[in-house]
Every structure is written in structure tokens, then in C-alpha cells.
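In: Okay, predicted coordinates and the sequence, questions at the end:
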Amino acid sequence: MSIAMSPRGRKVKVLATLGPASSTPAMIETLMTVGADAFRINMSHGTQAEKAKLVEAIRGLEKKLGRPTTIVFDLQGPKLRVGDFEGGSAMLKEGQKFVLDRDPALGSDKRVELPHPELFDTLSAGDRLLIDDGKVRLKATKVTPERIEAEVMVGGKVSNHKGVNVPDVVVPIPALTEKDRDDLAFALSQHTDYVALSFVQRPEDVAEAKKLVGDRAGVMAKIEKPQAIERLGEILELADAVMVARGDLGVELPPESVPPLQNRIVAAARQAGKPVVVATQMLESMIVSPTPTRAEVSDVATAIYDGADAVMLSAESAAGAYPVESVTMMDRIAVSVETDPAFYGRIHFTETPPQATTADALARSARDIVRTVNAVAMACYTASGSTARRIARERPRVPIMAMTSSIKAARRLGLQWGVYAVHTRDVGSFEEMVGKARRMALRHHLAGAGDRVVIMAGVPFKTSGSTNVIHIVRLDGDELETYLNEG
């Protein structure tokens, strides 16, 4: 029998990437214990067999610890790369001419193959080509169907297969490669909760993935291309969640533009009621150091003050020397920020006006009732997770206990701000649900004897979209033992 872990004591979620430094069941359990709420599996590295073992370990621990746990499979996406050089690399100097062409011959400091024919039809004179995460920068001066003549704006060493970014154009290639389609089918066979889609440029990219995924998982759009920013609203309308992938954003855009864009994406996702993850280089120095820099701590704190649903660790937990310390530090920062008296004022700087629905109106009212009656928790029963998402959009001061008979819904809520998902048996009436809410609030240490809990529900029960009741209960001390002992 599983023993339910207590709530974290914070609302923002921690998404930890698994990798060589965190691939054993023992290490995954440690990360979960010290603060990881969800796990990212990066399909850019390793084999599917290795990933299957990670899923098996997570699901085993989920059962052992009694906590529905979110898994995100992150697809690699298309990668634009240069070809091979004679000797493995070449040094380019600022101001020189350089050619990228379709000739597979080994490159030199004068030219190299660019094995992506679609770029020759897309780029124009004046467009930029950024190589190796922007360390080397070129500007096209003449483009033909066979070659791109360029001037080196920032020189440096270029070696075999280094990545190429072209921030000034929409690249006419699909967001899903053949490898991605194979990895997607594998991820769905492993019952992933989210699939993270790389290289999203337009809403059609999300629509294509949604068509393949159906309702088997949520689709998370990674916002890492300038073109995606231009159509953010349309992408948010289709996606189930978004990730602020700051690494590539910082390559294709000036670094100083990334913070305001992060704020804009987080605000837009919150207004749309979609989970938003802030990712990349959050505690980068902890790959090699047991402590972060003060600037990194401030960066994580800013994302939490903005109201992000989750903050993510990449190499820090996947391949670094201090994965446990990284997750622990992320947890500590989150708790510290959320206990700041100014925190709730800050996260409500972003306005989330309710839609003209009964459910939205009640979610806003319930948030205010919590403060008025000094409740310690909110509770709802949900089949799909939508009621919990509506409540979370309001960013209440107390945890949201979402009870559901769907393990799929419980797991997917693991990236939702403030939600504590409880996988439990179905209920048949409003009265039964109220009794279960009281019992579960006690059992999961969300409330104690004498505390008030605000419940949102729908009558008639089990009718989708019927949320129309707010109910306040006080947990009776005389009934405490009964609640704890009942199933």
C-alpha cells in the first residue's frame, strides 16, 4: 500500500530533466523526495530502451509514494546543421566572405555544405545565419538555388555538424521529423503525460502534433523561435501547455529581449489558462558547483513572482555533478519566494479576467471566499482537470486539491500551479464528494480539525461543464479519527 507524500508547501512546480546523472530508480526517488514534481525525458539523447527504463522507474515510485507524477517527453525537432570540414573544423575571420552550398565535399575556411535545400529557397540577401548557438554570425549577401554567399559578421571556429539558426525567416520544414514521429509513437506507448514540441514556428505545427496525439497526451509548445512569438495567441489556443525555451530564444534574439518576452509569454499563458514552464540555464552553474550564483537565484525567483506554473532544470539534474542539490535549491527558492508577504500581490500584477461562464465566475469568487473565511485549502472533483485549471488560473493563496478517478488527469495536473492531485475512486453524488473532500483534506495533510475548506462542484454531478456550486465546510475534530480511518 502506498503512503501519500505530503504537499510541498509551495504552489509552483519543479520539472527535473533525467539523464546520465539521474537515471537510477534510487536517484529518481531522491529527486522526487527533495522536490521534483515532474520529470522531463529528452529524446535528443539516448535510446528508446533507456527511456522506457526511466518511465518504469517513475511509475514504480509513483505507486510507492502515492503521488501522481507527470512525465514530459521532449522531442528533438528538426536541427539545421553545416556539413563536414577537412580536418574537422575551420576558422572564420570577421569581414571575410564565406559560402554555404549544396556540395557534399569537405569544407574549408572558404565554404562548407549546408545540407538543407529548403534554406536556399527561403533566405534572401540581408538575412542572418547564426552558427554554434550564435558564436559565429554570418549575413547573406547573395542567395541562389545552389549557394548562399555570406559575409562573416562575427568570426570564430566552426566544426563539423554545428547547428545553424536563421532567425529572420520562417523555415518551411515541419516541426516533426521522421525521428520525432517515431519518438512520438514511442512516448505515447509509454503513456507520457505531455509531449514537448520543438521548433514551433506557427499554429499549424501544433495542430499537426495534436492530430497525431489526440487525447492520449497534452501537447506542450516550446516557444523558442521569434516566429512563434508573432503568433503566440494562436499557438496558445491550440496547445495544452507552453514552455519558455530561453536557450534558442537567446540565440535568435538579442539577450536583452528575452526577459520581457518571458514575462509576455507567462502572462499570455496565464490569461489563456494554460500551464507555462520557464526553462533553460536557470541554475546553470550548478552543473559543476554545489551552489548557484546570486543572479541565478534571482532569475528563478523572477519566474516564480511572474506566476509561472513550473520552473525547469535541464543539464543541472540530467548530467551535472549535483542533481540532488539542484532540485533542493529550486525547491528552497520557491518556498522562500512564496512566503514573501508581497508574493500574492506580485503574481496578481497579471490580470486574468474571467470568461463569461458560470465556472469562471465561481472560480474568481471562490478565491475571494478563501481569504474572507480564512480557509486553508480548496477542493474540487474533476474528470478532465478543467475545473482545477480554472481555479489555478486565479492563483488562490491556498492549495487546490483536485480529486479525480482518472489517473491520466491526475498526472497531467502535475504541472499546474497550486494543484495537488489525488487519484481516488469515483463518487456518485454531491454529498459523497463533500464527504470525500473532507476525508482527503485530512489524509493528505491539507487541513486539520477545525479548519475550513472551500469546495467547488457541479450539480447534477458527473455532468461536464456543470460547475455551479461553492460549498464551505469546517472539519470537525470529533470526526477526525473517522475520516482518517475510512477508505
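Out: Now that the structure is in, tell me what you want to look at. Numbers count the residues shown, from 1 in each chain.

In: List the contacts of Met329.
Out: By C-beta atoms under 8 Å, 6 or more residues apart in numbering, the residues touching Met329 are 283, 286, 291-292, 297. Yep, even glycine has a C-beta here, placed from its N, CA and C like the rest.

In: again, only this time at 6 Å
Out: Pro292 (C-beta atoms under 6 Å, 6 or more residues apart in numbering).

In: Setting aside sequence-adjacent positions, which residue approaches Lys179 most closely?
Out: Among residues not flanking Lys179 along the chain, Gln76 sits closest, at 6.4 Å (C-beta to C-beta, 6 or more residues apart in numbering).

In: And that neighbour, how far from Ala310?
Out: Noted for Gln76: a distance of 21 Å to Ala310, by C-beta to C-beta, to the nearest Å.

In: who's more crowded, those two?
Out: Neighbours were tallied for Gln76 and for Ala310 using other C-beta atoms under 10 Å; the higher tally belongs to Ala310 (25 against 16).

In: How about residues contacting stretch 190-208?
Out: Outside stretch 190-208, the residues within contact range by C-beta under 6 Å, 6+ apart are 55, 70-75, 77-78, 170, 175, 187, 209, 217-222, 225, 227-228, 231, 234-235, 238-239, 411-412.

In: In this model Arg332 seems to touch Gly35, though I could be wrong.
Out: No - contact criterion C-beta atoms under 6 Å: Gly35 and Arg332 do not qualify, at 8.2 Å.

In: who's more crowded, these two?
Out: Set side by side, Gly35 and Arg332 show more neighbours around Gly35, with 22 against 15, by other C-beta under 10 Å.

In: That one and Leu15: what is the separation?
Out: To Leu15, Gly35 is 11 Å away according to C-beta to C-beta.

In: Kindly report the same for Thr328.
Out: Going from Thr328 to Leu15 by C-beta to C-beta gives 15 Å.

In: Looking at the two, which is more packed in?
Out: Neighbour count, other C-beta under 10 Å: between Thr328 and Leu15, Leu15 has more, with 26 against 18.

In: So what pairs up with that one in the strands?
Out: Ala38, Met312 (DSSP bridges).

In: how near is it to Met43?
Out: In terms of C-beta to C-beta, Leu15 sits 16 Å off from Met43.

In: can you list the domains in this protein?
Out: As assigned by automatic domain parsing, the chain contains the domains 13-77+175-339, 86-165, 358-485.

In: how about CSV for those domains, with mean pLDDT and distance to Glu351 added?
Out: Listed next are the domains of the chain as CSV, based on pLDDT from 0 to 100; distance: least, C-beta to C-beta, whole Å:
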stretch, mean pLDDT, distance to Glu351
domain 13-77+175-339, 96, 8
domain 86-165, 95, 34
domain 358-485, 86, 11
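
In: So what does the closest residue to Arg102 other than its chain neighbours have for phi and psi?
Out: Spatial nearest neighbour of Arg102, excluding adjacent residues (C-beta to C-beta, 6+ apart): Glu146 at 5.6 Å. Backbone geometry at Glu146, expressed as degrees, to the nearest 10, gives phi -120, psi -20.

In: what about Ala308, helix or strand, and which?
Out: Assigned by DSSP states H and E, Ala308 falls within no helix or strand.

In: That one: neighbour count?
Out: Neighbour number of Ala308 under other C-beta under 10 Å is 27.
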